[in-house]
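In: sequence-free structure coming up:
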């Protein structure tokens, strides 16, 4: 059992857990993820490591209650335990002194961006962060991101906080203003990552995205997380989760993400007796 | 004397094709004793040369014949840590039974069935094993991977007096026995009971531990105090065909398909959390045991039509004869001398069919089998909603990539000698990670040899100190 030592509600439907996992906390690097299972009948789901405390032996997980397992996870409290937690999985982010790095985080995607932005900052980069959400209530880790960024820009779809609009707008403006950008790191909904890739592609700005496809084992065994990158099949769990955004087949990825949508509906309706999805 | 094996009671094909209960039901005591009586107890015991783990077959069979089932299982267990597993999934027809004298004029003795009977008997009685373990600890060994190879190495070393820790990446030990082989061929409760017996020998199994990530091999040897490491990580990296449309929704690797169903119990969804999608029509590409398992699983999940698509003919099929027969009885349809050329999708990214081309057999290739050659212009579309790729697996690179000094061949398999010694001191390997995908019993045989070699290595090292 892996004990939940802290629970916090970051915004409606977005929760933060600190989980006791000393071995993972000792080894993990920004960009890596874990797979967890809540109970004996539970599914294995991947979550990016949002932070870690090597001394306390804890890792931080931030997740949105969207599917069956994340909703079940949300019902757990401090003192409860997770049955299984395996990691760190995936390759760590390539951190170096590149110059100016723009970190883009959309919605829940701000969580995995945070330790990466911090590591870029520690490596001596100028870090400009752009974080966005649908509205002010859904914005997470604003203070934390401000602390590790030279500049923090906030966008909301409805203008309830920061600038009204999408995360790509300030990014486009930076480019138009002639600012030299060496690396863009973008994590968020697939559609957002695709937009970021579309913005930077004409300028050939090296852009990295972190993918979170459907996955079972997380060690390269099932091939369920395969994604086409540069027209080659890659497994996000072992070859990634980070890839060159300009090479990723985002449309294929989006189609694969929908693979189990009607199964999700089936569970929401209480176990198959309902026919609403037929 | 009866020339044929006593018939194995089975669930009727019509019934079993829609349930996950075991197909073969096992001998009753009377049948087992009668089958055991067919054994000639030959002095030369040719059957033994066909057993990779060297079970004294005539001896255990004599105990069965005499009705001393406890003695039978004790005899098997001196050599084989997983008899209930081997009695079910070993290809006995190519091993022990192939050499049986009784097979010259009729059918060989049902050695596998008798092994299963003895193991099940002991389990049914919940009989505690009375293994007297050595009091002295001879050393500390780490085993990577809790599949057939790793568990065998662990069991043998524990009996010799080693403190063994097994590291398993998944949440349940068993490897392919848990995620790959379906419940209807190998009930998971039986796997776990055999593993529980290993734990009683003092084997410590740590699940959720990915070596290469949680610890490296060097850390295990240099920081965690292990005298030696055995790598039994198997062949878990699924192969795809590199044909267009392979990433469409509805295309699975056999590994993913079987893992969802076997390990994650997707057949009980939504009582369990992991779903699996199966259309009304399913094509399984390949014709090995994994392909048969996938096809029969798809039927049990409710598919109306299940095809095996294989580019050679029935003679070249790698699957066990028994599995092939079972699949046929259950209604799996075979499209032989047929190869897929692309997967067709609908406008939402879902599989709607596969385009196939007919093949004919040409000259023998390097495998000695006649090479399939496409018949120009013979393309046709098989309408299916699900495709399962069961065309083999390669080695997972996680351990090799993080272990400097460990030699691998061009396929990525670890290079090791007959006894399991690798290019790196203190590191041994065996099973599919060395040989490429093979059988449970061959992996166990490799694990056994490695355990003996590890024992020798650790004692020599201690003596040299």
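Out: Thanks, I have the structure now. Just so it is clear, the structure is predicted and the values come from calculations on it, not from any experiment. Numbers count the residues shown, from 1 in each chain, chains lettered A, B, ... in the order given.
In: What parts of the stretch 101-250 of chain A come near chain B?
Out: When proximity is defined as Cβ under 8 Å from any Cβ of the partner chain, the stretch 101-250 of chain A approaches chain B at A:216-217, A:219-224, A:226-228, A:233, A:238, A:249. Quick note: C-beta positions are derived from backbone N, CA and C, even for glycine.
In: Residue B:161: which of those residues is nearest?
Out: Distance ranking of those against residue B:161, using Cβ to Cβ, places residue A:219 first at 32.0 Å.
In: Could you find the closest non-adjacent residue to the closest residue to chain B within chain A?
Out: Residue of chain A nearest chain B, by Cβ to the nearest Cβ: residue A:255 (3.1 Å). Take residue A:255 and drop its neighbours on the chain: the residue closest to it by Cβ to Cβ, 6 or more residues apart in numbering or on different chains is residue B:349, 3.1 Å away.
In: same check, this time on residue A:45
Out: residue A:69 (4.9 Å).
In: Name the SS class of the one you found, please.
Out: helix (DSSP: H, G, I helix; E, B strand; the rest coil).
In: My guess is residue B:260 contacts residue B:266. True?
Out: Yes: assessed by Cβ atoms under 8 Å, residue B:260 is found in contact with residue B:266 at 4.3 Å.
In: got any residues that touch both of those two?
Out: B:274, B:275, B:276 (Cβ atoms under 8 Å, 6 or more residues apart in numbering or on different chains).
In: Find the residue closest to the last one in space, skipping its chain neighbours.
Out: To tie it back to what came earlier, the one meant is residue B:276. residue B:266 (3.8 Å).
In: What is the neighbour count of the one you found?
Out: When neighbours are counted by other Cβ atoms under 10 Å in any protein chain shown, residue B:266 registers 24.
In: residues in contact with it?
Out: Residue B:266 sits in contact with B:260, B:272, B:274, B:275, B:276, where contact means Cβ under 8 Å, 6+ apart.
In: longest helix anywhere in chain B?
Out: helix B:440-464 (DSSP state H).
In: average pLDDT for it?
Out: For helix B:440-464, mean pLDDT is 93.
In: before we move on, what about stretch B:2-14?
Out: On average, stretch B:2-14 scores 93.
In: Kindly report the same for stretch B:388-395.
Out: Here the average pLDDT along stretch B:388-395 is 94.
In: sorry, back to before: test my guess that the residue nearest to residue A:255 contacts residue A:252.
Out: Yes: if you go by Cβ under 8 Å, residue B:349 and residue A:252 touch, sitting 7.4 Å apart.
In: Looking at chain B, which residue is nearest chain A?
Out: residue B:349 (3.1 Å).
In: That residue: how many residues sit nearby?
Out: Using other Cβ under 10 Å: residue B:349 sits among 18 other residues.
In: Run through the residues that contact it.
Out: Contact analysis of residue B:349 by Cβ under 8 Å, 6+ apart lists A:252, A:255, A:256, A:258, B:248, B:249.
In: Report the separation between the fourth one and residue A:14.
Out: Separation of residue A:258 from residue A:14 (Cβ to Cβ, to the nearest Å): 22 Å.
In: Could you check which of those two has the larger neighbour count?
Out: Comparing residue A:258 with residue A:14 by other Cβ under 10 Å, the one with more neighbours is residue A:14, at 23 against 14.
In: For the more buried one, give me the pLDDT.
Out: For residue A:14, the model assigns a pLDDT of 92.
In: With residue A:272 instead?
Out: 38.
In: So which of the residues of the stretch 101-250 of chain A next to chain B are in strands?
Out: A:226, A:227, A:228, A:233 (DSSP state E).
In: With pLDDT and neighbour count added, can I get the residues you listed in a markdown table?
Out: Converted to a markdown table, those look like this (pLDDT from 0 to 100; neighbours: other Cβ atoms under 10 Å in any protein chain shown):
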| residue | pLDDT | neighbour count |
| --- | --- | --- |
| A:226 | 92 | 25 |
| A:227 | 92 | 23 |
| A:228 | 92 | 18 |
| A:233 | 90 | 14 |
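In: now, among the residues you listed, which is nearest to residue A:181?
Out: residue A:227 (24.8 Å).
In: Show me what the closest one bridges to in the sheet.
Out: residue A:234 (DSSP bridges).
In: wait, it sits on residue A:248?
Out: Yes: between residue A:227 and residue A:248 a contact is recorded at 6.6 Å, counting by Cβ under 8 Å.
In: what sits in contact with each of those two?
Out: What both residue A:227 and residue A:248 touch, as defined by Cβ under 8 Å, 6+ apart, is the set residue A:211.
In: quick one: buried residues of the helix or strand hosting residue A:171?
Out: For residue A:171, the host element (DSSP states H and E) is helix A:168-176. Neighbour-count burial for helix A:168-176 flags A:168, A:169, A:170, A:171, A:174, A:175 (criterion: 16 or more other Cβ atoms under 10 Å in any protein chain shown).
In: what residues are up against the second one?
Out: Shown here is residue A:169, whose contacts under the criterion Cβ under 8 Å, 6+ apart are A:155, A:163.
In: With the first one instead?
Out: Applying Cβ under 8 Å, 6+ apart to residue A:168 gives the contacts A:192, A:195, A:196, A:199.
In: Verify the contact between the first one and residue A:167 for me.
Out: To tie it back to what came earlier, the one meant is residue A:192. Yes: here residue A:192 reaches residue A:167: they are 6.5 Å apart, a contact under Cβ under 8 Å.
In: one step back: would CSV of the ones in strands among the residues of the stretch 101-250 of chain A next to chain B with distance to residue B:27 be doable?
Out: Formatted as CSV, those follow (distance: Cβ to Cβ, whole Å):
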residue, distance to residue B:27
A:226, 44
A:227, 49
A:228, 51
A:233, 46
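In: Next, please give the residue ranges for the helices of the stretch 51-200 of chain A.
Out: Using DSSP state H, counting those that start in this stretch, the helices of the stretch 51-200 of chain A run over residues A:68-74, A:110-122, A:142-148, A:168-176, A:190-200.
In: Single out the most deeply packed of these.
Out: helix A:110-122 (a mean of 24; mean count of other Cβ atoms under 10 Å in any protein chain shown).
In: Quick check: mean pLDDT of stretch B:28-47?
Out: Rounded mean pLDDT across stretch B:28-47 is 94.
In: Give me the residues contacting that stretch.
Out: For stretch B:28-47, using Cβ under 8 Å, 6+ apart, the contacting residues are B:1-2, B:5-6, B:9, B:27, B:56-58, B:61-62, B:64-65, B:67, B:69, B:96-97, B:99-102, B:108-111, B:113-114, B:117-118, B:121.
In: so of those, which ones are in strands?
Out: Among the contacts of stretch B:28-47, no member lies in strands (by DSSP E).
In: Just the buried residues of those residues.
Out: Of these, these count as buried by 16+ other Cβ under 10 Å: B:5-6, B:27, B:56-58, B:61-62, B:64-65, B:69, B:96-97, B:99-100, B:102, B:108-111, B:113-114, B:117-118, B:121.
In: sorry, back to before: tell me the most packed of the shared contacts of residue B:260 and residue B:266, by neighbour count.
Out: That'd be residue B:274 among the shared contacts of residue B:260 and residue B:266, by other Cβ under 10 Å, with 26 neighbours.
In: my read: that residue touches residue A:45, true?
Out: No: counting by Cβ under 8 Å, residue B:274 stays clear of residue A:45, with 9.7 Å between them.
In: hang on, the earlier thing: how close does the residue nearest to residue B:276 get to residue B:252?
Out: Distance from residue B:266 to residue B:252, by Cβ to Cβ: 11 Å.
In: now do residue B:285
Out: 10 Å.
In: again, but for residue A:20
Out: Residue A:20 is 35 Å from residue B:252, by Cβ to Cβ.
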